[in-house]
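Novice: make a model of this:
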Amino acid sequence: MNIRRADLPQIALELRRLGELLITPCPCGSTEYTWLKAHMLSEHIWDATLDMAPGPKAQAFEPRTIAPSQGPDDGREPRPDPDKHAQYHDSARTLWDATRALQGLIDTLRPDQNMPTGPTFTDTEWCAHHLDTLGICEPRNRGDLCRRCYGVRLTTGHLPPHSILIAWRDGTRVTDATLAAAIRAEQARTGKTKAKGKGKRRKAG
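Specialist: Now for the predicted structure:
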């Protein structure tokens, strides 16, 4: 049967209901089991169907009385069916396998887990100015700089200030006037006015 995205909440609810049934305390009153300090309904059904398996137990079967209930059977358990335990066992096994497989798949895809980041890279592949200033990776173009950082240093003699890197990162347009003002502000802040390299005047237009 095919399922849709809209079916997932219902699947979750039905799985929760099944889990609750598996650990529901059995009303038979047995004290044989101590896990969860209760004899569970799932355990009772396991043993009841096991008694129905082929062999001496089935041949010598005598219905066991359980807690009194209303009805024509006077609270007696159903007659043996050799296939019931195998069906119960196989269904539980299939559910367990499928649950573990789905859980493992979800664990590898959930966004709140640390996922593999793919191939590893070295700092020699990224713009040194971007790494030192913002800690972000920008591919190198010339020397140890990216295309834009290299272009700014070539034309102005200065590396682009922090504010310019932020503007580039955010997709904000940077004009020549904006760049010049940012460089002057950076010089005033740091007291460094000497350009690195000759610097070339930008062509008009």
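
Novice: give me the longest helix you can find in this structure.
Specialist: For the chain, the longest helix by residue count, based on DSSP state H, is helix 84-109.

Novice: buried stuff in that helix?
Specialist: Applying a neighbour-count criterion of 16 or more other C-beta atoms under 10 Å, the buried positions in helix 84-109 are 84-85, 88. The way it works is simple: take the backbone N, C-alpha and C, and place the C-beta from them, glycine included.

Novice: in JSON lines: those residues, plus pLDDT and distance to I23.
Specialist: JSON lines is the format used below for those (pLDDT from 0 to 100; distance: C-beta to C-beta, whole Å):
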{"residue": "K84", "pLDDT": "83", "distance to I23": "21"}
{"residue": "H85", "pLDDT": "84", "distance to I23": "20"}
{"residue": "Y88", "pLDDT": "87", "distance to I23": "16"}
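
Novice: mind putting those in a markdown table, distance to T190 included?
Specialist: Putting those into a markdown table (distance: C-beta to C-beta, whole Å) gives the following:
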| residue | distance to T190 |
| --- | --- |
| K84 | 83 |
| H85 | 81 |
| Y88 | 77 |
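
Novice: enumerate every residue touching I164.
Specialist: 152, 174, 178-179, 182 (C-beta atoms under 8 Å, 6 or more residues apart in numbering).

Novice: ChimeraX command to pick out the buried ones of those residues?
Specialist: Selection of buried members from those for ChimeraX, criterion 16+ other C-beta under 10 Å:
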select :152,174,179,182
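
Novice: farthest pair in the contacts of I164?
Specialist: Using C-beta to C-beta, the contacts of I164 reach their maximum pairwise distance at V152 and T178, which is 11.7 Å.

Novice: now stretch 141-161: average pLDDT?
Specialist: Stretch 141-161 shows a mean pLDDT of 91.

Novice: convert it to PDB, retaining C-alpha atoms only.
Specialist: Taking Å, rounded to 0.1, in the frame of the first residue of the first chain, the C-alpha atoms of stretch 141-161 are listed here in PDB:
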ATOM      1  CA  ASN A 141      42.100  33.500  -7.300                       C
ATOM      2  CA  ARG A 142      45.600  35.200  -7.200                       C
ATOM      3  CA  GLY A 143      48.200  34.500  -4.600                       C
ATOM      4  CA  ASP A 144      46.400  34.000  -1.200                       C
ATOM      5  CA  LEU A 145      43.400  36.200  -2.100                       C
ATOM      6  CA  CYS A 146      40.100  35.800  -3.800                       C
ATOM      7  CA  ARG A 147      39.300  37.700  -7.000                       C
ATOM      8  CA  ARG A 148      37.600  40.700  -5.300                       C
ATOM      9  CA  CYS A 149      40.100  41.100  -2.500                       C
ATOM     10  CA  TYR A 150      43.000  40.900  -5.000                       C
ATOM     11  CA  GLY A 151      41.200  43.500  -7.200                       C
ATOM     12  CA  VAL A 152      40.800  45.900  -4.300                       C
ATOM     13  CA  ARG A 153      44.400  45.600  -3.200                       C
ATOM     14  CA  LEU A 154      45.600  46.000  -6.800                       C
ATOM     15  CA  THR A 155      43.600  49.200  -7.400                       C
ATOM     16  CA  THR A 156      43.800  50.800  -4.000                       C
ATOM     17  CA  GLY A 157      46.800  49.300  -2.300                       C
ATOM     18  CA  HIS A 158      44.600  48.200   0.600                       C
ATOM     19  CA  LEU A 159      42.800  45.000   1.500                       C
ATOM     20  CA  PRO A 160      39.000  45.500   1.700                       C
ATOM     21  CA  PRO A 161      37.900  46.500   5.300                       C
END
